[in-house]
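Participant: Here's my sequence, what's the structure:
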Amino acid sequence: MYMHVFSVLVQLRLQSRTLKEKRGIVKSILARGRNRFNLAAAEVDQQDLPGNATLAFVTVTESRQQGRRILEQLEELLVEERPDVEVVSVDIEER
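Facilitator: Alright, predicted model coming up:
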């Protein structure tokens, strides 16, 4: 059996003015990705900028289609359920 590793790097613009506000938004998004899609998730860049966040999510699947679909569903969730967050860019890669 061959496994496929997919990652996505998501750059967000947040409506937060302080790092404390940002932390609440980022923790919520990371938890939702972990719980709903069983993804590994972390904030990987721009930690010291209150209005921006760069998040990474990773999944391991048996099929290419399934891995890409999961990460696309994550992007849809961000757009639909988080109107307070602007998705600036999404970069999905198979590794």
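
Participant: Identify all contacting residues around the helix or strand in which residue 11 is found.
Facilitator: With the criterion set as DSSP states H and E, the secondary-structure element containing residue 11 is strand 4-14. Contact with strand 4-14 is made by 21-22, 25-26, 29, 44, 50-64, 67-68, 70-71, 74-75, 78, 84-95, as judged by Cβ atoms under 8 Å, 6 or more residues apart in numbering. Bear in mind the C-beta positions are built from the backbone N, C-alpha and C, glycine included.

Participant: same deal with stretch 30-41?
Facilitator: Stretch 30-41 is contacted by residues 42, 43, 55, 56, 57, 58, 59, 70, 73, 74, 77, 81 when judged by Cβ under 8 Å, 6+ apart.

Participant: I'd say the fifth one and residue 72 touch.
Facilitator: No - Residue 57 is not in contact with residue 72 according to Cβ atoms under 8 Å; the separation is 11.5 Å.

Participant: So which of these two has more stuff around it?
Facilitator: Counting neighbours by other Cβ atoms under 10 Å for residue 57 and for residue 72 shows that residue 57 has the greater number, 23 against 13.

Participant: ok, the more buried one - contacts?
Facilitator: 7, 8, 10, 33, 37, 39, 40, 41, 71, 74.

Participant: hey, what's the second one bridged with?
Facilitator: When assigned by DSSP bridges, residue 8 has beta-bridge partners residue 57, residue 92.

Participant: Check the gap between it and residue 18 for me.
Facilitator: Applying Cβ to Cβ, to the nearest Å, one obtains 27 Å for the distance of residue 8 from residue 18.

Participant: Give me the more crowded residue out of these two.
Facilitator: residue 8 (23 against 10).

Participant: measure the more buried one to residue 87 for me?
Facilitator: When distances are taken as Cβ to Cβ, residue 8 and residue 87 turn out to be 11 Å apart.
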